[in-house]
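*Asks:* compute the structure for the input listed below.
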Amino acid sequence: MRSSVRRAVALIALLSTILAGCGGGTGDQANGDASEGQVTIEWWHIWTDQRGDALQAIADEYMKQHPNVKIEITVLENEAFKQKIAAVMQSGSPPDLFQSWGGGTLREYAKAGLVKDITADLQQDGWGDTFEKAFLDMMAVDGRYYGVPLSIGIVGFWYNKELFAKAGIPSPPKTWDELLDAVRKLKAAGITPIALGEGEKWPGHFYWAYLALRLGGREAFEKAYTRSGGSFADAPFVEAGRKLQELLALEPFQQGFLSATYADASALVGNGMAAMELMGHWAPAIQKENSTDKQGLGDKLGFFPFPAVPGGQGDPADVLGGGDAIAVGRDAPPEAIDFLKFLTKKENLKPMVEQGFVIPVVKGAEEYLTDPLMKELVAIRNNASYLQLYYDQVLPPSAAAAVNDAVQNLMAGKMTPEQVAQHIEEAAAAALR
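*Replies:* Numbers count the residues shown, from 1 in each chain. Down below sits the predicted model:
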């Protein structure tokens, strides 16, 4: 369900007012060299809430300034998008612009010639220099760029301060043992500790991936990923499963979590019926969207990073994350790239950053952040020496699916930690060779 029409209309009005003063795009079209014929840009994204309204407003303003361009937007729920994009890629007909998370899937598309190399466009007029390079690089394959990032955040624990206080938890957990103790206290107070929509698989993989990051660090992942002296069956990955079993033994999740959707889980948190969820930067907006009163937790919501695991080789400051980017289909017209330049101008992103819809990757745009929680999240992100891209995005699709399937089976008691690690290793070895 969308937020109230009144708020959406107000946001669109704000965007239109600001964008009207921004001028045209930064490419040839902005210089009056647009082609005379009508051009249609096909754009698929997954922002089904108010963020989608914001993107539509930017597209509307671009079309107003470029009457010969029509931007047709298709909005799809996350899993539906993945299925539909896979189908059109198999047929060799990608949309001009589409949602991407970089990583292994983008690499597969690049190898198959399904995405457009925009490296030269990024070098023109300094467009590429407007992005933080670490985040722009998520859209690179072997040094060539096939899209641009839009919003990069991190995964962490979103929690209900009021429920923590009710359970006698004075401050957010900083270590794994403290997290387990918090779960015990919440259960003792009759509160569901953690909400999880494991029916969709991807939310649960955050636990295993974060534990692997804390236990093995960047080195363990990169050795396994590059096939250079390491594997996903090595000790840190097995131990990640064992640590997750420690949490599972406490029965921290709501009843029926294995079949619940992400929307189900976010509604529990947004309605104050569960104390925590391990989720990305989009969580507050989705909690609000799925809460009964469409208000979410408001000032009761807090955020803390994934706890340190004593004895682990990873840096406790490192983060698991990623975000939303826009890839360019191989047959995209020049106007599609010009629109991307328009979309990613700092001033055009200002309303979306202020509303908390975008975690900025364009230099200087962080000054527009108004939400204290988002400021905190960005500070944690920027303090990390390493950002581990989600396993189910950085790995090729077959290996990514193996991660999500194996973690779900671990949570269901159908696989051991050793079996999980071996299953992922076998899939990765086949996909990364």
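
*Asks:* element containing Ile71?
*Replies:* Here Ile71 sits within strand 69-75, counting by DSSP states H and E.

*Asks:* tell me the buried residues in that strand?
*Replies:* Buried residues in strand 69-75, counted by 16 or more other Cβ atoms under 10 Å: Val69, Ile71, Ile73, Val75. C-beta: built from backbone N, CA, C; applies to glycine.

*Asks:* ok, longest helix in this structure?
*Replies:* Longest helix in the chain by number of residues (criterion: DSSP state H): helix 202-225.

*Asks:* could you give the angle of the very next helix or strand once past that helix to helix 202-225?
*Replies:* Scanning forward in sequence from helix 202-225 by DSSP H and E, the next helix or strand is helix 235-248. Angle of helix 235-248 versus helix 202-225, following axes from the mean of the first three to the mean of the last three Cα atoms, to 10 degrees, is 160 degrees.

*Asks:* list the contacts of helix 235-248.
*Replies:* The list of residues contacting helix 235-248 from outside it, by Cβ atoms under 8 Å, 6 or more residues apart in numbering, reads 176, 179-180, 183, 207-209, 211-212, 215-217, 220, 224, 309, 312-313, 407, 410-411, 416-418, 420-421, 424-425.

*Asks:* restrict the next helix or strand after that helix to CA atoms and write it as CSV.
*Replies:* The helix or strand immediately downstream of helix 235-248 is helix 262-270, counting by DSSP H and E. Taking C-alpha atoms only, helix 262-270 is exported to CSV below (Å, rounded to 0.1, in the frame of the first residue of the first chain):
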residue,chain,number,x,y,z
TYR,A,262,9.4,-9.1,4.1
ALA,A,263,6.3,-7.0,4.2
ASP,A,264,5.0,-9.1,7.0
ALA,A,265,8.2,-8.6,9.0
SER,A,266,8.4,-4.9,8.4
ALA,A,267,4.7,-4.5,9.5
LEU,A,268,5.5,-6.2,12.8
VAL,A,269,8.3,-3.7,13.5
GLY,A,270,6.4,-0.8,12.3
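
*Asks:* what average pLDDT does helix 262-270 get?
*Replies:* When pLDDT is averaged over helix 262-270, the result is 98.

*Asks:* measure how the helix or strand following it sits relative to helix 202-225, angle-wise.
*Replies:* Downstream of helix 262-270, the next assigned helix or strand under DSSP H and E is strand 274-279. Per the same axes, to 10 degrees, the angle that strand 274-279 makes with helix 202-225 is 40 degrees.

*Asks:* parallel or antiparallel, list what pairs with strand 274-279.
*Replies:* strand 156-160 (antiparallel), strand 192-194 (parallel) (DSSP bridges).

*Asks:* quick one: mean pLDDT for whichever helix or strand comes after it?
*Replies:* Beyond strand 274-279 on the C-terminal side, the first helix or strand identified by DSSP H and E is helix 283-290. The predicted model assigns helix 283-290 a mean pLDDT of 92.

*Asks:* centre of the chain to stretch 159-174, how far?
*Replies:* The chain centre lies 26 Å from the centre of stretch 159-174; the measure is Cα atoms, centre = their mean, to the nearest Å.

*Asks:* just the mean pLDDT for that stretch, thanks.
*Replies:* Mean predicted confidence for stretch 159-174 is 98.

*Asks:* ends of that stretch, what's the gap?
*Replies:* For stretch 159-174, the separation between the terminal residues is 14 Å (Cα to Cα, to the nearest Å).

*Asks:* name the residues that touch the strand holding Ile71?
*Replies:* Residues from elsewhere that reach strand 69-75 (Cβ under 8 Å, 6+ apart): 29, 34, 38-48, 52, 55-56, 59, 62-63, 95, 335, 339.

*Asks:* can you flag the buried ones in those residues?
*Replies:* Buried among these (16+ other Cβ under 10 Å): 29, 34, 39, 41-48, 52, 55-56, 59, 62, 95, 335, 339.

*Asks:* okay, and the helix or strand of this protein with the least pLDDT?
*Replies:* The least trusted helix or strand in the chain, going by mean pLDDT, DSSP states H and E, turns out to be helix 5-20, with a mean of 40.
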